[in-house]
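Engineer: what follows is a predicted protein model with its sequence.
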Amino acid sequence: MAEDRKLPPEPTAGPLGSLSPSYRLHRRQRRIIEQVRQARSGDHKVPTWALALILVLLLGGWLTFILLS
């Protein structure tokens, strides 16, 4: 699986330091991979159903306000 793969080692910054495009791209890819792993772990502070309920209540209240005003 993709989660089991180890990330390649961090490249050296090179002559431009952290301004090097390839260095910045690699760091961005590592950050995205870590965020995806964290999201897939299921360790969320607020359950998805609660977020969906809050969204429905906000949209319903907004529509009610629009239609009744």
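Structural biologist: Noted; the coordinates are in hand.

Engineer: residues near residue 63, how many?
Structural biologist: Using other C-beta atoms under 10 Å, residue 63 is surrounded by 10 other residues. All C-beta atoms are positioned from the backbone trio N, CA, C, and that covers glycine.

Engineer: actually residue 27, sorry about that
Structural biologist: 15.

Engineer: which SSE is it in?
Structural biologist: Assessed by DSSP states H and E, residue 27 sits inside helix 21-40.

Engineer: again with residue 57
Structural biologist: Following DSSP H and E, one finds residue 57 within helix 48-68.

Engineer: so for that helix, mean pLDDT?
Structural biologist: Summarised as a single mean, pLDDT over helix 48-68 is 96.

Engineer: also stretch 27-36?
Structural biologist: On average, the pLDDT along stretch 27-36 is 90.

Engineer: buried residues, that stretch. List them.
Structural biologist: By 16 or more other C-beta atoms under 10 Å, stretch 27-36 has no buried positions at all.

Engineer: likewise stretch 34-45?
Structural biologist: In stretch 34-45, counting by 16+ other C-beta under 10 Å, buried: nothing.
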